[in-house]
Each structure stands twice: as C-alpha cells, then as structure tokens.
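**Student:** Predicted structure and sequence below. I'll ask about it afterward.
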Amino acid sequence: MKETIEQLESLRSHCENMAEAESKGEFGSPDNIWAKDVEAINAAIEIIERSEWIPCSERLPERDENVLTYHRNESFDYQYVSWIDDYSGKWAGFIGNLSDEVLAWMPLPEEYKDEEGSKE
C-alpha cells in the first residue's frame, strides 16, 4: 500500500502543476479538470490510509476516539472496537479496561447514512 500511496502522491503533484497552468489560462479550457483530478487523488489516498492497520509502536489514536483494534492474548488474536480512555490513558472497550496486548489499530469507517443522508 505504501508504494500505491507514493505513486498517487507523485501523480497528484503532476496534476497540481497542470491545474496551476490551466488556472493561468495556458490551455484555454473553461473547466479545470486537473483540479478535479487532484480532489479525486486526495480522496483515494485517504481511503487507502483509512484501510490500513497502524502499529501502536508507530503512533496511537487520539484519546477517546473509537477505533478498531487488533488484540493478542495467550490463546488467540481478535479485533475489537476500543479507545484510549481520557482519564486513565489505557486502552478501554465496552467491557472495561483491556488487559490483552493491542498490536495495531485503524480508524472506523464513516457512519452509515441512507441515500437521503439520514442516519436512520
């Protein structure tokens, strides 16, 4: 995934340069399609980054931010929605403080909305 993000960032740089040239009227186009490409590339990078596990040794989420965590104990590995408790600074979940090792985490997806944008 890292290579894909690097390639997208390189492509984004090229598109930004083209968008700047187009905004100066160098191509004579009424629509700045390059700027739209930059927006699409930024969205693609965000989707990729949100779908990767982040090792806890690399960085931790903000306190009280619900995230998907990857846990390990003596018997098995499992995933759980957890957060770092703002008061204690320890990993917590709906069953209380978590004693198993948390190896990695990732952001949760956007909350569901129907076609009309309602959460119901």
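**Tutor:** That came through fine. Residues are numbered from 1 along each chain as shown.
**Student:** ok, for the spatially most central residue of the chain, nearest residue in space, not its chain neighbours?
**Tutor:** Closest residue to the average C-alpha location of the chain: Arg50 at 2.4 Å, with C-alpha atoms, centre = their mean. The shortest distance from Arg50 to any non-neighbouring residue, by C-beta to C-beta, 6 or more residues apart in numbering, is to Pro107 (5.1 Å). Using the backbone N, CA and C atoms, a C-beta is placed for each residue, glycine as well.
**Student:** buried sites along the longest helix along the chain?
**Tutor:** Secondary structure of the chain per DSSP state H: the longest helix is helix 2-23. Across helix 2-23, burial judged by 16 or more other C-beta atoms under 10 Å covers Leu8, Arg12, Cys15, Met18, Ala19, Glu22.
**Student:** now for it, which elements pack on it?
**Tutor:** Using 3 or more C-beta pairs under 8 Å, 6 or more residues apart in numbering; DSSP states H and E, the elements in contact with helix 2-23 are helix 33-50.
**Student:** any idea which helix or strand comes after the helix it packs on?
**Tutor:** Scanning forward in sequence from helix 33-50 by DSSP states H and E, the next helix or strand is strand 54-55.
**Student:** Downstream of that next one, the next helix or strand is which one?
**Tutor:** strand 67-72.
**Student:** just how off-centre is that next one within its chain?
**Tutor:** 15 Å (C-alpha atoms, centre = their mean, to the nearest Å).
**Student:** Please apply the same query to stretch 63-76.
**Tutor:** For stretch 63-76 - counting by C-alpha atoms, centre = their mean - the centre lies 17 Å from the chain centre.
**Student:** Stretch 82-101 now?
**Tutor:** Distance, stretch centre to chain centre, for stretch 82-101: 21 Å (C-alpha atoms, centre = their mean).
**Student:** Just the terminal-to-terminal distance for that stretch.
**Tutor:** 12 Å (C-alpha to C-alpha, to the nearest Å).
**Student:** Name the surrounding residues that touch it.
**Tutor:** Contact with stretch 82-101 is made by 60-69, 71-73, 80-81, 102, 105, as judged by C-beta atoms under 8 Å, 6 or more residues apart in numbering.
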